[in-house]
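1. What follows is a predicted protein model with its sequence.
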Amino acid sequence: MKKSLLLISLIMIFSLSGYSQLISDGFESWTGGNPDNWMGTKTNIEVDSVLEYTSNVHGGSSAVQLINKESGHKRFTSVGQSVNAGEFYEVSYWVRGHGDIRTGIVELTASTYDYNDYHNMNTSTWTELIDTVLIPGSGAVSAEIIFSVALTNADIDHIQIDDVTVTLLSIVVPDVSIYDIQFSVGGDSPYKGDIVNTGGIVTAVTSDTTGYWLQSGSGSWSGLFVLDYNNTPVIGDSVTLSGTVDEYFNLTELKSISNFTIVSSGNPVQAEAVTHSTAKAEEYESVLISVTNENCLDDNVGYGMWAIGVVGDSLFVGDNIYDYNPTQGTSYNVTGVLFYSYSTWELLPRMASDVSEYTGIEENEFSTEIFPNPAIDFVHVNAEIKGTIEIFNINGQLVYNAEFNNSASINVSEFNSGLYNIVLTSENGTRSASRILVD
């Protein structure tokens, strides 16, 4: 969905009395060969590639000509503007020539950039384009408006811009669940390019603090990656935020974050139990998942990844967050968020407790009866043995242990919601393990 006249497919409320013009410039004033109020600190196009253009203008006597024949883009920016994070601005401008041009915004304190899609121009006729930008960050900030150009061609005098107007908008942003952002049938998010309010619990954080994963509920379509250079929540934080839905090489993400709020902390996160085969699906993208008893087929498949599963049907485990050195031929239990990068599904463990060797205790060596499952208040365990009973959470932490004699009733009402392993060990050392879900 191109971010032009139809950039935001939301209901927009425009208040005439609430309009505030940030920039209105026809490039009529030049000083020392540069256009006044432009060539901001984030401009990186060469000075001799920004020229006063007078042979064919849209209005007045001058326009600006931008030249960049290379495929790598170059920025032409305004001087810094005082704005507030979370505000929307309409960028209206007239353009003609041959080349690619897009608008964007840079928040100066954190050097946070956000760009719209390119417009591919090839016309000698002046054409009005209208884009929308969202100010990233939080609070009062300083930002520069960006015109980014690439692949300009001399046949229509490269790219020329005239009569730029940047106006504050009042926009109603919808509340959209992570499920609705993610759910799609073989394609991009239905909200791609839209600005939304959403929220969830942080399940993982990138090692370089450039983003984090949110989850609302569990299971299919419940996870979302957030690209965020300004906020650094931790696992268990419940957050609300606004941002633009984007597809980064087919990975659905939220970017250009504003209105970030931590609602509460220390919330439980729940991993969805899957297999190496069922994990590789769009519905589990960015979801916290757990696999059990998966064989390490290859301890180094390149780029810091190793492979689990069976020959011909494997799942890669990546080191983007936590680096684990596996042993080929050993079976593992792995918990992590499912990532999609370079057309490859990767399971990303977050910490040391997310990876453990499979010990075989999951293979029941005697009959065990456990009910109800899922459990809310009490779980009842029956087995004709004497020994011990232990309960481990999905991260392998021991949360309960006691002596066991044929039966036990355990109060799980204070347990966090999620999957647990119940391990029975008899006096002669035989073991049995079963999984339960606590609601």
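-> Done, it's in. Numbers count the residues shown, from 1 in each chain.

2. CA atoms for contacts and neighbours, from now on please.
-> OK.

3. Buried residues in the helix or strand harbouring Val149, which are they?
-> Under the criterion of DSSP states H and E, Val149 resides in strand 140-150. Buried residues in strand 140-150, defined by neighbour count with 16 or more other CA atoms under 10 Å: 141-150.

4. same deal with stretch 205-224?
-> For stretch 205-224, the neighbour count (16+ other CA under 10 Å) marks 205-206, 211-224 as buried.

5. distance between that stretch and the chain's centre?
-> How far stretch 205-224 lies from its chain's middle: 7 Å, per CA atoms, centre = their mean, to the nearest Å.

6. Same question for stretch 215-228.
-> That offset, for stretch 215-228, works out to 9 Å (CA atoms, centre = their mean).

7. Contacts for that stretch, please.
-> Contact with stretch 215-228 is made by 177-180, 182-183, 199-203, 210-214, 252-257, 270-272, 282-288, as judged by CA atoms under 8 Å, 6 or more residues apart in numbering.

8. Do me a favour and get the end-to-end distance for that stretch?
-> Its first and final residues considered, stretch 215-228 spans 16 Å by CA to CA, to the nearest Å.

9. Tell me where the model's unsure across the stretch 1-150 of the chain.
-> Within the stretch 1-150 of the chain, the stretches with pLDDT under 70 are 1-19.

10. And the stretch 251-400 of the chain, by the same measure?
-> 359-366, 394-396.

11. let's see 80
-> 359-367, 394-397 (pLDDT under 80).

12. Neighbouring strands - and their directions - for the longest strand along the chain?
-> Determined from DSSP state E, the single longest strand within the chain is strand 88-107. Sheet pairing of strand 88-107 (DSSP bridges) gives strand 112-115 (antiparallel), strand 119-134 (antiparallel), strand 140-150 (antiparallel), strand 159-169 (antiparallel).

13. okay, those in CSV with distance to Ala307 next?
-> Formatted as CSV, the strands paired with strand 88-107 follow (distance: least, CA to CA, whole Å):
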stretch, distance to Ala307
strand 112-115, 35
strand 119-134, 40
strand 140-150, 40
strand 159-169, 49
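
14. Could you check how far the longest strand of the chain is from the centre of its chain?
-> Using CA atoms, centre = their mean, the offset of strand 88-107 from its chain centre is 25 Å.

15. just to revisit the earlier point, just the buried residues of the contacts of stretch 215-228.
-> Buried among the contacts of stretch 215-228 by 16+ other CA under 10 Å: 177-179, 182-183, 199-203, 211-214, 252-257, 270-272, 282-288.

16. In CSV, list the buried residues of strand 140-150 along with distance to Tyr358.
-> CSV is the format used below for the buried residues of strand 140-150 (distance: CA to CA, whole Å):
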residue, distance to Tyr358
Val141, 51
Ser142, 53
Ala143, 52
Glu144, 54
Ile145, 54
Ile146, 53
Phe147, 55
Ser148, 52
Val149, 54
Ala150, 53
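
17. Among those, which one sits closest to Ser434?
-> Lowest distance from Ser434 to these (CA to CA) belongs to Val141, with 53.8 Å.

18. Would you agree the closest one is in contact with Ser111?
-> No - using CA atoms under 8 Å as the test, Val141 is too far from Ser111 to be in contact (11.1 Å).

19. Looking at strand pairing, list the partners for Leu129.
-> So, taking DSSP bridges as the rule, Leu129 has Tyr93 as bridge partners.

20. can you start the count at 717 instead of 1 from here on
-> I'll keep to 717 as the first residue from here, and by that count the last item is Leu845.

21. ok, so what distance separates it from Ile817?
-> Relative to Ile817, and taking CA to CA, Leu845 is found at 10 Å.

22. cool, Asn1132 as well?
-> From Asn1132 across to Ile817, the span is 51 Å (CA to CA).

23. who's more crowded, those two?
-> Neighbour comparison, Asn1132 and Ile817: the larger count goes to Ile817, with 25 against 15 (by other CA atoms under 10 Å).
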